[in-house]
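Colleague: any chance you can model this:
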Amino acid sequence: MAISRENRRKNLYMLRGLGRKNSYDWWWHSFTGYNKISGEPKSFFIEYFVINPAVSPRTVQFGNKSANTKKAQKPSYVMIKAGAWGNDAKQIHNFYPVKDLSCNKHRLDLRVGSCTLTEKNLTGSVSLNFSEAHNHPEYMSSSGSMSWNLQMDKQIPYNVGYGTSGLFRSLWPFEMYWHAQGVKTLYAGSVILDGEEYTVTPQRSFGYADKNWGRDFTNPWLWLSSCNLISLISGQRLKNSCFDIGGGRPKFLGRQMKKKLLFYFYHEGDEYEFNFSKFWKKSTVKYTFTQNGPLAHWAVTAENKKYFIDVDVYCKKSDMLLINYTAPNGLKLHNNLWNGGTGYGEIRLYKKVKKNLETIEHARIENCGCEYGEY
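Modeller: All right, here's what the predicted structure looks like:
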C-alpha cells in the first residue's frame, strides 16, 4: 500500500508554533532480530523523542520525577530510547540538547549525535554504564549499549482520520495524537546489543513504526499491534495482514472524554476500522486489562453494523518492562506503564448475518507489541 503525501506530512516533526514550549513528538520503531551465532530471536525497540524544544534549547533540562513537588520543572531535550524485551529487558536512554538536533521541514530527516531517522533508514547508538544509570535517576534508564543500522519498508499505514488533519495539527485541540506510518514494516540490517550481534531480515522482522505527539499522555494508555498472524483456518501465515489498536481516555479542548480506542485491522487487502471519531459508522470498542500472576492480558472487542472482532493478547510480565517518560509539564505520573513486544494470542473476525456471526478469519497472533498503563 502506497504511503500518501498526507501520511508523510503527519510523520514530520510537529514541534513548531504552539508546540515549542509544552509538547513532545516521538517516532517509535519495533521489530525482531536473530542472534548471529545462535539464531535465537530477540525483540527490539528504538525511539526518537523530542520534548519542549524552546524551554532550554542549549542545555539538557530534566523534569521532576514525581508529583510530590510544589513547582514542576519542564523537561527540554532530545532523548534516544533503545532496548529490548525478553530476558534482561531494558531501556537505554541518551540525551542531547535540542540545539544539536537537525530537522528537515519538508521530509522526515532527523539527525542528532550519531543517530539519524528518515522514512527508510534508521541508524544510531546508545550507551550508559551501570554507575551512570544508578547515580542518575533522572535518566530513567537501564545500563547497557545498543547500536543499529537498519533499512525500513513501511508497507501498510493507518491514518486515524480528520483528528490528525492539518487544521487539528495546527490548533492542538487534542492532548495526544497518533499516526501509524507502518503498521506493517519490513526491517533489514543489524543490531548489536551489549556486544551480541543480531541480524534483521525483512520477512522475519515483524516490524512496526508509528509516532505520537501532544501536550500530555493519555490515561489510561493502551496499545496492541502485530503483523505476524497465522490463520487457524488455512494454517497459512497471513502475509498481507496486520492490526493496530490504540487509545485510552482522550482529552478534547481540555475536557476528558470517556474511554475510547481506535481499532484497525488490515486483512489480506480488506480494511476494517472501528474509529469513535467517525461517529456515522456507529462503531464501538471495549477492552479489559488484567495483570494478576505472571501474565498480562488484554481483551478487546470491536463492532459496527456489519462486523465484529474479538482479540485476546497475553504477554509474560517477565519479558516486559515498565517504560519511562516524563510529561511536558515535568511530572512523571505513568509509573506502571507495562510495555512489551513478545505478546501472543488470537484474533477473530466475524461478519454479521442477521442475528448470527459468520467467521471470516480466526488467526494466531505472535510478536505482538503491547502496552498498558493507568494512574
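
Colleague: helices of the chain, start to end?
Modeller: Secondary structure of the chain (DSSP state H): helices at 5-10, 130-135, 166-171.

Colleague: any idea which of those helices scores lowest on pLDDT?
Modeller: For the helices of the chain, the weakest mean pLDDT is recorded on helix 166-171, namely a mean of 53.

Colleague: got the CA coordinates for stretch 127-137 in PDB?
Modeller: Written as PDB, here are the backbone C-alpha positions of stretch 127-137 (Å, rounded to 0.1, in the frame of the first residue of the first chain):
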ATOM      1  CA  SER A 127      25.300   3.600  25.800                       C
ATOM      2  CA  LEU A 128      25.100   4.100  29.500                       C
ATOM      3  CA  ASN A 129      27.300   2.400  32.200                       C
ATOM      4  CA  PHE A 130      26.000   1.000  35.500                       C
ATOM      5  CA  SER A 131      27.300   3.800  37.600                       C
ATOM      6  CA  GLU A 132      25.700   6.500  35.400                       C
ATOM      7  CA  ALA A 133      22.300   4.700  35.400                       C
ATOM      8  CA  HIS A 134      22.400   4.000  39.100                       C
ATOM      9  CA  ASN A 135      23.500   7.500  40.200                       C
ATOM     10  CA  HIS A 136      21.200   9.500  37.800                       C
ATOM     11  CA  PRO A 137      17.600   8.500  38.400                       C
END
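
Colleague: identify each buried residue in that stretch, please.
Modeller: 128, 133 (16 or more other Cβ atoms under 10 Å). For glycine as for every other residue, the C-beta is placed from the backbone atoms N, C-alpha and C.

Colleague: pLDDT weak spots in the protein?
Modeller: By pLDDT under 70, the low-scoring segments of the chain are 1-2, 65-70, 161-174, 250-259, 277-280.

Colleague: 90 - rerun?
Modeller: Where the chain drops to pLDDT under 90, the residues are 1-9, 16-19, 64-72, 159-176, 248-260, 275-283, 292.

Colleague: ok, residue 320 - contacts?
Modeller: Each residue near residue 320 by Cβ atoms under 8 Å, 6 or more residues apart in numbering is listed here: 85, 89, 296, 338-340, 370.

Colleague: for residue 183, same thing?
Modeller: 156-158, 208, 210, 225, 227, 242-244, 264, 266.

Colleague: try 7 Å
Modeller: Contacts here follow Cβ atoms under 7 Å, 6 or more residues apart in numbering; on that basis residue 183 touches 156-158, 208, 225, 227, 242, 244, 264, 266.

Colleague: can you lay out those residues as a markdown table showing distance to residue 305 and neighbour count?
Modeller: A markdown table is the format used below for the contacts of residue 183 (distance: Cβ to Cβ, whole Å; neighbours: other Cβ atoms under 10 Å):
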| residue | distance to residue 305 | neighbour count |
| --- | --- | --- |
| 156 | 25 | 20 |
| 157 | 25 | 26 |
| 158 | 21 | 27 |
| 208 | 29 | 28 |
| 225 | 25 | 26 |
| 227 | 27 | 28 |
| 242 | 24 | 24 |
| 244 | 22 | 26 |
| 264 | 17 | 23 |
| 266 | 20 | 23 |
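
Colleague: so of those residues, which ones are in strands?
Modeller: If you go by DSSP state E, those have 156-158, 208, 225, 242, 244, 264, 266 in strands.

Colleague: of those, closest to residue 7?
Modeller: Lowest distance from residue 7 to the ones in strands among the contacts of residue 183 (Cβ to Cβ) belongs to residue 157, with 5.1 Å.

Colleague: just checking, that closest one touches residue 180?
Modeller: Yes: the criterion here is Cβ atoms under 7 Å, and residue 157 meets it with residue 180 at 6.3 Å.

Colleague: ok, the closest residue to residue 115 other than its chain neighbours - how many residues close by?
Modeller: Of all residues not flanking residue 115 in the chain, residue 124 sits nearest, at 3.0 Å (Cβ to Cβ, 6 or more residues apart in numbering). If you count neighbours by other Cβ atoms under 10 Å, residue 124 ends up with 21.

Colleague: and residue 124, what does it touch?
Modeller: So residue 124 contacts 80, 114-116, 148 (Cβ under 7 Å, 6+ apart).

Colleague: redo that, cut-off 10 Å
Modeller: By Cβ atoms under 10 Å, 6 or more residues apart in numbering, the contact list for residue 124 reads 46, 48, 80, 82, 94, 111-117, 146-150.
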